[in-house]
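Participant: Below are the sequence and a predicted model; questions follow.
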Amino acid sequence: NNIGSTGAAALAVGLKDNASLTTLDLSDNPLGDNGLAALADALQNNASLTNFSATSASGGPAGIKALAKSLAINTALEHVDLAGNDIGDLGAVELGTVLCSSTGPLCFLGIKRRQRRRKCRCKSAPPDL
């Protein structure tokens, strides 16, 4: 869909007051740090969203830091997947701090590194490469 920071900011405006959406998947869109920060601001007060995914969303430590602050405040999110972003040490420290102090319902936080699959020409390679 190629949703960038401008599109993410527009979605964030709607998300702030939305009371019915439970899942938002913005994976594989170039949201970047600014887009993630806009969404993070909206997530602070959203009480309906339980699942949020922004995998491979071109996020860096600054965007992850903004989301971590939102996770500390949000009272509804149960499943957050941020895999495939450049979380870095700074982002990991922020997320770890939230996990230690959070009293919310968060039970899944995906932060693994995603690798793009490529076709392998070797006959002996596993079928998923």
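Facilitator: Looks like it arrived, so ask away.

Participant: Settle this for me: residue 78 is touching residue 52, isn't it.
Facilitator: No - Residue 78 is not in contact with residue 52 according to CB atoms under 8 Å; the separation is 9.4 Å. From N, CA and C alone the C-beta is placed, and that goes for glycine too.

Participant: Run through the residues that contact the closest residue to residue 30 other than its chain neighbours.
Facilitator: Leaving aside its sequence neighbours, residue 30 sits nearest to residue 58 (CB to CB, 6 or more residues apart in numbering; 4.5 Å). Neighbouring residues of residue 58 by CB atoms under 8 Å, 6 or more residues apart in numbering: 30-32, 85.

Participant: from the chain's centre, how far out does the least confident helix or strand in the chain by mean pLDDT sit?
Facilitator: Within the chain, judged by mean pLDDT, DSSP states H and E, the helix or strand with the poorest mean is helix 88-101; its value is a mean of 91. Centroid separation between helix 88-101 and its chain, computed with CA atoms, centre = their mean, to the nearest Å, is 14 Å.

Participant: What residues sit buried inside it?
Facilitator: 91, 94-95, 98 (16 or more other CB atoms under 10 Å).

Participant: What lies in contact with that helix?
Facilitator: Contacts of helix 88-101 (CB under 8 Å, 6+ apart): 60-61, 64-65, 68-69, 71-72, 85, 87, 106, 109, 111.
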